[in-house]
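Novice: give me a 3D structure for the following:
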Amino acid sequence: MTEHPNCKINIGLSVVEKRPDGYHNLESVFYPVPLHDDLEIERSTAFSFSQNGIALDCEYCDNLCVKAYHLLLSEFPHIGPVSIRLTKRIPSGAGMGGGSADAAFTLKMLNTLFVLGLDTKQLQSYAARLGADCAFFIENKPVLAKGKGDEFEDIRLDLAGYRLLLVKPNVGVSTAEAYRSIVPAPATFDLRQLERTPIEDWKHFVVNEFEKPIFEKLPILAQIKQDLYNGGAVYAAMSGSGSTVYAIFGADSDTAELQKAFEKRFFTAVVEL
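Specialist: Prediction:
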């Protein structure tokens, strides 16, 4: 069985309050993006996991696909051993949820492979135990995310017909450090209004609050965002807590030269939404 876990972008991101458990409540729109990994799971005589493609900076036992398998195994002991083969095309530490997607798709594939009968809510519950945004990839549709990023409200947002340019330099962002730099406050823009706000106006209202402190520490990200606007983007922003900066272009925009310039130095991808 083979599936293709996709990533996401954050459109707007506000940290609205700190929770008693030490986490933070946020508000952001999660939007699925058709840049994907390849994930193959088959029944086997012994459990195995292998990974190729873009290198990961975690140990075998910390991979979320492995954790997803063992989570379900602990609940359903009759699950047999499997062989998991992951080909990474989504860079890690990019703010696009690539690892979370791999985990969520592992849960869905095991549910199918072993006929566990888990419904959407149950799969989301298991996914939330693996990571704050893992549950998003169970339904994999645009949502307004709240809570830790694991509470969802439907939003009617359709970017079909636009082109997305993703740029990730070889720099890392510590999520914990990023959160320490934020003073929680109510969101200044209601993201439910996105669907009624012309995308050309988003740059005036839709803000990722992590950008200011992170751009101060990593000015290359601020420069990439400015270069994307200079290249004709209708909206550009950092995704999540970084370090990917994305830009939305009209379908008739010529992004070839801009893409070529970025590809000389950074991970770059163009996808049609």
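Novice: tell me the contacts of the residue lying farthest from the centre of the chain?
Specialist: Most distant residue from the mean C-alpha position of the chain: T45, 33.0 Å away (CA atoms, centre = their mean). By CB atoms under 8 Å, 6 or more residues apart in numbering, the contact set of T45 is P81. Any C-beta I mention is one placed from the backbone N, CA and C, and that applies to glycine too.
Novice: check I199 too.
Specialist: Taking CB under 8 Å, 6+ apart, we find I199 in contact with L159, Y162, V234, Y235, I248.
Novice: if you look at those, which of them are in helices?
Specialist: Judged by DSSP state H, these include no members of helices.
Novice: out of those, flag the one nearest to G97.
Specialist: Nearest to G97 out of the contacts of I199 is L159 (CB to CB; 17.0 Å).
Novice: and the strands in the chain?
Specialist: 2-3, 6-18, 24-36, 38-43, 48-53, 82-88, 143-146, 151-154, 162-168, 235-238, 245-250, 267-272 (DSSP state E).
Novice: how about TSV for these, with distance to F76 and mean pLDDT added?
Specialist: Converted to TSV, the strands of the chain look like this (distance: least, CB to CB, whole Å; pLDDT from 0 to 100):
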stretch	distance to F76	mean pLDDT
strand 2-3	20	98
strand 6-18	26	95
strand 24-36	27	96
strand 38-43	14	98
strand 48-53	19	94
strand 82-88	12	97
strand 143-146	28	96
strand 151-154	25	95
strand 162-168	37	97
strand 235-238	39	98
strand 245-250	38	97
strand 267-272	35	95
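Novice: wait, which of these is closest to L72?
Specialist: Nearest to L72 among the strands of the chain is strand 82-88 (10.3 Å), distances taken as CB to CB.
Novice: quick check: buried residues in that closest one?
Specialist: Across strand 82-88, burial judged by 16 or more other CB atoms under 10 Å covers V82, I84, R85, L86, T87, K88.
Novice: by contact count, what packs against it?
Specialist: Judged by 3 or more CB pairs under 8 Å, 6 or more residues apart in numbering; DSSP states H and E, strand 82-88 is in contact with strand 38-43, strand 48-53, helix 64-75, helix 98-113.
Novice: list the contacts of it.
Specialist: The contact list for strand 82-88, computed with CB under 8 Å, 6+ apart, reads 37-44, 47-56, 63, 65-66, 69, 98, 102, 106, 110, 113.
Novice: before we move on, back to that, and the two most separated of the buried residues of strand 82-88?
Specialist: V82 and K88, at 18.6 Å, using CB to CB across the buried residues of strand 82-88.
Novice: low-confidence regions, the stretch 101-250 of the chain specifically.
Specialist: Along the stretch 101-250 of the chain, no part satisfies pLDDT under 70.
Novice: cutoff 90 now
Specialist: With pLDDT under 90 as the threshold, the stretch 101-250 of the chain has low-confidence stretches at 132, 148, 171-183, 241-243.
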